[in-house]
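Engineer: with the sequence up front, the predicted model follows.
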Amino acid sequence: EVQLVESGGALVQAGGSLRLSCAASGFTFDDYAIGWFRQAPGKEREGVSCISSNDGRTYYADSVKGRFTISSDNAKNTVSLQMNSLKPEDTAVYYCAADGPWVVPGCYLGFDYEYWGQGTQVTVSS
């Protein structure tokens, strides 16, 4: 059974940092792309970042580029999202998602990933 479990969400002041983690199980981690998405109240889900576990390439949405960093530990089947310089508009439920087997170089976010976690709340106060 595929499982994705997010952790690390919290309440933080603007300008602060958080590190989200996604623990994956039930599939061959090296063959998948892992993405982070977020959804704020009343807004559509937004792709934030992704990483291709087979070649390590990453992608970031313009809204987080330069502030967020995605990384993968294939030995531990975890993907982390380091979020710095947080802004109130980063407030959302953050979801980890996986799709694969991933056979193309790099990764992208503009489609519905196959497997999803339950989400973790990030709240940034002004």
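Structural biologist: Structure's in. What do you need? Numbers count the residues shown, from 1 in each chain.
Engineer: any idea how many residues pack against S25?
Structural biologist: Neighbourhood size, S25 [other CB atoms under 10 Å]: 11. Every residue, glycine included, has its C-beta placed from N, CA and C.
Engineer: and it, bridged to which residues?
Structural biologist: S25 has these beta-bridge partners by DSSP bridges: Q3.
Engineer: hmm, it is touching Q3, no?
Structural biologist: Yes: the pair S25 / Q3 is scored as a contact, 4.8 Å apart, by CB atoms under 8 Å.
Engineer: and the spatially most central residue of the chain, what pLDDT?
Structural biologist: The centroid of the chain falls nearest to W36 when counting by CA atoms, centre = their mean (2.1 Å). With respect to pLDDT, W36 scores 98.
Engineer: so it lies in a helix, does it not?
Structural biologist: No: counting by DSSP: H, G, I helix; E, B strand; the rest coil, W36 is not found in a helix; it is strand.
Engineer: quick one: contacts for it?
Structural biologist: 20, 22, 47-50, 70, 79, 81, 94-97 (CB atoms under 8 Å, 6 or more residues apart in numbering).
Engineer: among these, which are in strands?
Structural biologist: If you go by DSSP state E, these have 20, 22, 47-50, 70, 79, 81, 94-97 in strands.
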